[in-house]
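Novice: only geometry, no sequence info:
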C-alpha cells in the first residue's frame, strides 16, 4: 500500500463533521463541510477547493520522496553504527574518493528535483493565476479584524468582528468565530483582492488553499472556489500586533439560492456601510498618517 | 582561568593580568573564550524566553502571559538573541577565533586589535538588545521587523530603535570579524598549508566570512532606512509617502537568507572535523565538500524571495525562486552523503562529540527535506507562517547549530581548558537533549499541517494535544541544557587532565600538535605541512618527520 493510499484512507476515516452553524443573523442555518482542524490532527485539513485538492496531491508525492530520503539516511546511519564501530571494525579503510559514487549522489538528487519541480510549477501556475471568475470579493485587514466588500453585489460592505470567548454560542469555536462571516456561493470562482488598512496582515483559510498578504499600498489578488457548502475557518497569518492571535476568518459557502437570499438581506442590513472600493484601497494609508 | 598552568611553563607569556587581560585582549584564544562565554550567557537568556513561550503554549488560553505584546517581545528577542548572540558568537567568534589560527599554523589573527573591537561591539549589541526589551513596550515585531508594524505609528517609543542599534553595532562587529578571518586565512597559512589542504572547518569559516561581508551591509542599509523612517520623516517603507513595505522584505531577506547559511556553514565545518576524527578516516570527497560549501554560499544569495511567496510577488518570480531554492538541495545532499561515506568503512568511536555529529546529521536531513517541501511556492501557501515552518527552521538551522556547538565544545574543551569532560555524563546529556528536541519540534510539523499559525500566544482548542506534547519536549530539553551547564562546571572544576591529542590517530589537524591547554602563544615557529595533501586524503596534516 502506497503512502498516498494510506493518506486517502486516513482522510476517509475521518468523518466530515456536519456542524450546526450560525447562519446569517441567526436565521439561515447552513449545514455542510467543516474547514477546521480536529483534536490531535496530524495532517492537512480536508480540502474543499480545487487548489487545496491539488496541494493535497502534490504533498502526497512529496511525502513519499522525503520519507524515502529520511529512511535511506537513517538506514545507512544504523548500518554504520552496527558495522563500522571500532570493536567490529578495528582497522579503518583508507578510501577517501569514489568518482562514480560522487557523480551519482549529485545526479540522482537532480533527477528527484526535476520530478518535484514539474508538478510544483503546475500547482504554482494553477493557484497563482486567477481563472475566469464569477464574482469579486474585496478583503481589507485592520488591527484586528477583517472587513469585506462585494463590488458585484451592490457594494455590500461589512466588518467581521471576532467574537470574544464570553459571547460564544454553543458550536462556535474559540478564536475562530466572527459576528459577520464572509459568504460566498458554492461552485462560484471568486476573485479575492486583499489589502490592508494599517500593518501587514494575511488572509488565510487552510481548507480552501488560501493565503495572501494584506499589505498597505498593494492590491494582492488570489482566488478560490468552494466545492461544497460549509463553513471554513482561518486565522491571520502575518504577525500584526497584540491581537494577531485573535483575528479569525470565517467563510460560509451557501447554495446559489441561499446566497441570493443572503445578498438581499445583507444589502438591507449593511446599507449604511457602503463605500466605494477605490476609497477603501487608499483610505488606510491616509488614515495612518 | 585555565591558562594559569600554561603560564608556568612558558616564559614568553607576558600578557596583562586581571581584568586588563580580558578587556584589552588581542589574543585570539582569550577573545574566543570571551565569545563562548557571551554565547553561553545569551543562550541562557534566549533559552529561558523560549521555555516561557512553551509554558504559555502548553495549554490553550492565556495562563502566564496576559500582555500579548510581551509575548510578541519574547518571540522577537528569542529569535534575535539565538541568531546574533548565541550561534554567531559561539561558532564564528568562539570556535573560529580559537581554531582557525591553530589549524592553519598561524600565531594569531591578522588584526588582533580589530579582533578585540569585534568582540566588544558584539557584547555592546547584546546589551542594547536586552535594553530594547526593557524600555517602553518592547519590540513586538518578530525578528523580521516588518514595517509598517515596526514603524513609529505602530511601535512608538524607543524599543525598536534600540533593537535597530543593537543589530547595527553587532553587525559592525561581525563585518570586522569577517574581514579579519578572510585576511588571516588568505595570508597567514603556514608553509605547505595550501587552500586545498585547509581543514574543512577553516573552509567553512572562510565561506561564512564572505557571506557576512556581503550580507550584513545590506541589513545595515535597510536598518538605517528604517531608523530614518521612524525618526527623521523619510518614507522608504511608508506607503503614504511613496515608499513600499515590500522593499524592507526584499532587503531583509537578501540578508536573512545568507544569514541562515552563516549560522549553519560553520556547523558543517565542525561536523566534518568530528566525523573524520572519530571515524579515523580522512574526510570523503574533500574537494567536493569544500566546493559544496561555496556553492551553497553563492546560491544562498539568489533565493531570498522564497520567504516572500505570499506577499503578492508575481507568479513567474515565484517560479524562479522555487527552482533556485530546490537547487540548494544538491550541494547539501553532497555534504550529507560525504559524511556518511566518511563514516563508511571507519573504525568509529562513539564519544560524545561523535554522538552530536550523528545527531546533527539526523536533524539536518529531517529539517532539510521539509525545506525541499517549503521551496515549492505552490505548496508554500499551505505552510507559510505555520508551525511547519517553525519545525523546519528549528530542525535544519537552530537545533542543528546547537548540536554542532555542543559537539564542538566536547571535541575541543580539552584543548581549550586542559581538562577533559566526563564521558558518561556527556553521553547521558546528549541522549536527554536529543530526545527533548525531537519531542519538542517533531509534533510541530503536525500543528503546521493542521494549519496552526506561528507567533500566537493562544490557539484554537483543537491544537491543544500536540502543543502539550511539544511543551513536554521543551521541559526535557531544559533538563538536557541544565545538564550541559553542569558538565561545563564539572569539567572546569574537576575534569581529568587532557592530553595534547585525546582522540588518537583520527585527529590529524594542527591544533592537536600543541599542548593542552593550548599555550597563550602558539605556532611561534611556523609548522611545515606535508603528508601529501588532499590527493591522498591527508589535508592539513603535519609532516610525519616532525
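Specialist: Yep, that arrived. Model, not experiment: these values are computed from the prediction. Numbers count the residues shown, from 1 in each chain, chains lettered A, B, ... in the order given.

Novice: you'd agree residue B:448 is up against residue B:385?
Specialist: No. Using C-beta atoms under 8 Å, residue B:448 is not in contact with residue B:385; the gap is 9.3 Å. For every residue, glycine as well, the C-beta is placed using N, CA and C.

Novice: so where do the strands sit in chain A?
Specialist: For chain A, the strands defined by DSSP state E occupy A:21-24, A:28-30, A:33-35, A:135-142, A:145-150, A:156-160, A:182-185, A:190-196, A:201-205, A:210-214, A:220-224, A:230-235, A:248-254.

Novice: turn those strands into JSON lines, including mean pLDDT, distance to residue A:261 and mean neighbour count.
Specialist: Listed next are the strands of chain A as JSON lines, based on pLDDT from 0 to 100; distance: least, C-beta to C-beta, whole Å; neighbours: other C-beta atoms under 10 Å in any protein chain shown:
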{"stretch": "strand A:21-24", "mean pLDDT": "32", "distance to residue A:261": "9", "mean neighbour count": "19"}
{"stretch": "strand A:28-30", "mean pLDDT": "39", "distance to residue A:261": "7", "mean neighbour count": "17"}
{"stretch": "strand A:33-35", "mean pLDDT": "92", "distance to residue A:261": "20", "mean neighbour count": "24"}
{"stretch": "strand A:135-142", "mean pLDDT": "98", "distance to residue A:261": "16", "mean neighbour count": "21"}
{"stretch": "strand A:145-150", "mean pLDDT": "97", "distance to residue A:261": "14", "mean neighbour count": "22"}
{"stretch": "strand A:156-160", "mean pLDDT": "97", "distance to residue A:261": "13", "mean neighbour count": "20"}
{"stretch": "strand A:182-185", "mean pLDDT": "98", "distance to residue A:261": "10", "mean neighbour count": "23"}
{"stretch": "strand A:190-196", "mean pLDDT": "98", "distance to residue A:261": "18", "mean neighbour count": "24"}
{"stretch": "strand A:201-205", "mean pLDDT": "98", "distance to residue A:261": "23", "mean neighbour count": "28"}
{"stretch": "strand A:210-214", "mean pLDDT": "98", "distance to residue A:261": "25", "mean neighbour count": "28"}
{"stretch": "strand A:220-224", "mean pLDDT": "97", "distance to residue A:261": "22", "mean neighbour count": "22"}
{"stretch": "strand A:230-235", "mean pLDDT": "97", "distance to residue A:261": "17", "mean neighbour count": "27"}
{"stretch": "strand A:248-254", "mean pLDDT": "98", "distance to residue A:261": "8", "mean neighbour count": "26"}
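
Novice: possible to save the ones you listed as JSON lines with distance to chain B?
Specialist: Listed next are those as JSON lines, based on distance: least, C-beta to the nearest C-beta, whole Å:
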{"stretch": "strand A:21-24", "distance to chain B": "16"}
{"stretch": "strand A:28-30", "distance to chain B": "20"}
{"stretch": "strand A:33-35", "distance to chain B": "9"}
{"stretch": "strand A:135-142", "distance to chain B": "12"}
{"stretch": "strand A:145-150", "distance to chain B": "15"}
{"stretch": "strand A:156-160", "distance to chain B": "17"}
{"stretch": "strand A:182-185", "distance to chain B": "17"}
{"stretch": "strand A:190-196", "distance to chain B": "8"}
{"stretch": "strand A:201-205", "distance to chain B": "6"}
{"stretch": "strand A:210-214", "distance to chain B": "4"}
{"stretch": "strand A:220-224", "distance to chain B": "4"}
{"stretch": "strand A:230-235", "distance to chain B": "5"}
{"stretch": "strand A:248-254", "distance to chain B": "9"}
